[in-house]
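Asks: 3D model of this:
(4 chains)
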Number of protein chains: 2
Amino acid sequence: MPENIPDEGRTTPATLEDVARAAGVSLATASRSLNGSNRTVNETYRTRVLDAAARLNYSPNLSAQAVARGSTMTVALVVADISDPYFSSIAAGVVAEADRERMIVTMAASERDPQRELDIVRTLRGQRPKVIILAGSRREGDPTEAALRRELDDYERAGGRVVLISRNELGFRTVTIDNAPGAEALATSLVGLGYRGFAVLIGNRELKTAADRYEGFVAGLAQSGIRIDPDHVVRSAFTRDGGYDGMRQLVSRGLDDIDVVFAVNDVMAVGALSALRDAGLNPGVDVAIAGFDDIPTVQDVWPTLTTVRVPLVDVGRKALRIALADRPGDESPVATEVVVRDSTPPVR
Amino acid sequence: MPENIPDEGRTTPATLEDVARAAGVSLATASRSLNGSNRTVNETYRTRVLDAAARLNYSPNLSAQAVARGSTMTVALVVADISDPYFSSIAAGVVAEADRERMIVTMAASERDPQRELDIVRTLRGQRPKVIILAGSRREGDPTEAALRRELDDYERAGGRVVLISRNELGFRTVTIDNAPGAEALATSLVGLGYRGFAVLIGNRELKTAADRYEGFVAGLAQSGIRIDPDHVVRSAFTRDGGYDGMRQLVSRGLDDIDVVFAVNDVMAVGALSALRDAGLNPGVDVAIAGFDDIPTVQDVWPTLTTVRVPLVDVGRKALRIALADRPGDESPVATEVVVRDSTPPVR
DNA sequence: CTGTTAGCGCCTTCAC
DNA sequence: GTGAAGGCGCTAACAG
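Replies: Presented below is the predicted three-dimensional model:
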């Protein structure tokens, strides 16, 4: 193959063979000294190999190791959108835990498209990752779900571990989040604060996370005998702009019977805040707002946002731990917690 | 090796050999049909191989390919903090571009620790990535800098490509960002709005990005004959909490001669906003605030934040493109742009 | 155009 | 405890 890049000065990384030769031992001994199973090698040789390796700046070729061992040390993480604080926090947790385990994490973005997610999972197989973590974008009645399940089943049958984040739809290991209970508790808190007229920015209803939170919220209100006007439930994208648009719709329809709006996630709530303001209204005063997730920025908006805390980084860490556990083990849901802030002052 | 996980039902992924056999052709033909250089294979065989591959759900083992080819298709991205919107936006850009190029991206977090960054780069070598992208955490007078440069030099000599984001310190390909000019323009804008008493939350002064922005800002003020009181330059962490703390210091010292505070990045500015509010002051009214980066959330805080826009996602995309270009090519800086919002109303 | 045959870098029985 | 040799899955000359 004609290489137009000058090869002169091109260095080839030292191979294990180089190290072995430099240390005057066999390939096998070198291998055993550097990685090999529990010390079954003479200390003299051992240090000689280590020295040689250091001298040559040797770094084992992970691909070669993977081929020889028949398995990798990589965890593949697929999220909907990396720049969304929800996912980037989870990713931070996964990366932190992977670092502890000396594993490598690869990343892909589904862009909230189930078909894309499926394609990604398919191409992921080429990596032969030890773990696949899927965060977000599971939907109700998703036509690709069967195919995805099949793909993941095959993958597990081949020895891989899959972990889902949020809700156990597909029968794999899962980091479940107390979405419904959290939303229910939030509803209770809001009722306790005196709110009676509710609206919900439900985002994309097909998203299971969104649906769970909505249903939990409805259940919470029901306990106080409060029902939610169907006209006050608005769908829009599960994003900041979706929250903005949803709130705009509410405003244009009139906020008469509404004194608090629950957005099923914080980025939407924050968008809603801005929509209110842009409409000349005063969030927290003219109408209250609550979100879900407790992403970092909600403490810096004004009014600070009432929400339900989800320990996102922990969720990421836990995802990998669950994956690595010998048996399915602790799959107790991650607890959520209502955090009341300024966006929902007590009524009257 | 004793495997305590039951192997029964364990499926082994189809290998290229399986495909070849199923298609009744040789290994080479199968290889050529599925990946091989430009079509030099009989259409009949070709389709037969493709069929067999589909039937067996074949997926090439990337590690094996990497070993055989002597190179991978992975790009290693190391950032300071994945959950920081600055870095997660850049990461989103890198991942998006990598997807186009059918490359895999691996991710690591340096946690703003140069030593850790160096360690990461060292262990990265094992992956034999085609590209290494380093975002953030370069510091002035960093004792590990020489070692890092050496490591990266070795890596490039071995055929890898390194791309730095922000400032070209080490002589590698770089996505430079117009930090100083942007800050200078911001200063000019603020002076134009009538501001005269300036303070700066400089973050970690050793961070080159922070230093550049500060110096650009000072230069911009100098053009109007304005100097900045050294007591009004406060150091703190380059984070949201750093911004909060920095502003708190300013407040406790007294804001008498200060009518606008420039935080060298948006997360700090947003923290400063909250600190002001917590001190019972009214941001934008009692004292103005400006940041740098234009991260998404600054449009949702109140007052909306005046800042200098950096097209972060584009920066990430560009980083990979620059890496992949045959020659160093277009290294013109990414332009920044002042965006005036509500946090810096015209004076009087 | 196709098949045979060396490798790629490393691990791991298997004898010594 | 050590080394020789075969093999992991795939690619790339090299002959036919």
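
Asks: okay, CA-based contacts and neighbour counts for the rest of this
Replies: Will do.

Asks: who touches residue A:130 in this structure?
Replies: Taking C-alpha atoms under 8 Å, 6 or more residues apart in numbering or on different chains as the criterion, residue A:130 is in contact with A:71-75, A:159-161.

Asks: same deal with residue A:299?
Replies: Contacts for residue A:299 (C-alpha under 8 Å, 6+ apart) come out as A:305, B:274.

Asks: That one and DNA strand D: what is the separation?
Replies: Going from residue A:299 to DNA strand D by C-alpha to the nearest atom of the strand, to the nearest Å gives 50 Å.

Asks: One more: residue A:86?
Replies: Counting by C-alpha to the nearest atom of the strand, the gap from residue A:86 to DNA strand D is 36 Å.

Asks: Help me confirm that that residue is found in a strand?
Replies: No. Residue A:86 is assigned helix when assessed by DSSP: H, G, I helix; E, B strand; the rest coil, not a strand.

Asks: which residues does it contact?
Replies: Contacts for residue A:86 (C-alpha under 8 Å, 6+ apart) come out as A:293, A:295, A:312.

Asks: taking the residues you listed one by one, which sit in helices?
Replies: Residues from these lying in helices, with DSSP state H as the criterion: residue A:312.

Asks: Out of the contacts of residue A:86, which are close to DNA strand D?
Replies: Residues of the contacts of residue A:86 in contact with DNA strand D (C-alpha under 7 Å from any atom of the strand): none.

Asks: Mind putting the contacts of residue A:86 into TSV with neighbour count, distance to DNA strand C and pLDDT?
Replies: Listed next are these as TSV, based on neighbours: other C-alpha atoms under 10 Å in any protein chain shown; distance: C-alpha to the nearest atom of the strand, whole Å; pLDDT from 0 to 100:
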residue	neighbour count	distance to DNA strand C	pLDDT
A:293	24	42	98
A:295	22	41	97
A:312	23	35	98
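
Asks: re the thing from before, most surrounded residue in the contacts of residue A:130?
Replies: Counting neighbours by other C-alpha atoms under 10 Å in any protein chain shown, residue A:75 leads the contacts of residue A:130 with 27 neighbours.

Asks: For it, which three-state class applies?
Replies: Three-state assignment for residue A:75 (three-state DSSP): strand.

Asks: Please give me every residue in contact with it.
Replies: Applying C-alpha under 8 Å, 6+ apart to residue A:75 gives the contacts A:98, A:103-106, A:129-133.

Asks: need the contacts of residue A:130 in CSV with distance to residue B:322 and pLDDT, can you?
Replies: Converted to CSV, these look like this (distance: C-alpha to C-alpha, whole Å; pLDDT from 0 to 100):
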residue, distance to residue B:322, pLDDT
A:71, 33, 95
A:72, 29, 97
A:73, 29, 97
A:74, 27, 97
A:75, 27, 98
A:159, 38, 93
A:160, 35, 95
A:161, 36, 96
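
Asks: Kindly indicate which of those residues lies nearest DNA strand C.
Replies: For the contacts of residue A:130, the minimum distance to DNA strand C (C-alpha to the nearest atom of the strand) is 9.3 Å, reached by residue A:71.

Asks: Pretty sure the closest one sits in a helix.
Replies: No. Applying three-state DSSP, one finds residue A:71 to be coil, outside a helix.

Asks: residue ranges with poor pLDDT in chain A?
Replies: Across chain A, the ranges flagged by pLDDT under 70 are A:1-9, A:37-39, A:137, A:330.

Asks: ok, which stretches of it are helices?
Replies: For chain A, the helices defined by DSSP H occupy A:16-23, A:27-34, A:43-55, A:62-69, A:85-100, A:114-124, A:145-157, A:179-192, A:208-222, A:240-253, A:266-278, A:312-324.

Asks: does any part of the first one sit near chain B?
Replies: So that's helix A:16-23. No. Under the criterion of C-alpha under 8 Å from any C-alpha of the partner chain, chain B is not reached by helix A:16-23; the shortest gap measures 12.2 Å.

Asks: quick one: that helix to helix A:27-34, angle?
Replies: 90 degrees (axes from the mean of the first three to the mean of the last three C-alpha atoms, to 10 degrees).

Asks: chain center to helix A:16-23, what's the gap?
Replies: When C-alpha coordinates are averaged (C-alpha atoms, centre = their mean, to the nearest Å), helix A:16-23 and its chain have centres 43 Å apart.

Asks: That helix close to DNA strand C?
Replies: Yes. Counting by C-alpha under 7 Å from any atom of the strand, contacts between helix A:16-23 and DNA strand C involve A:16-17.
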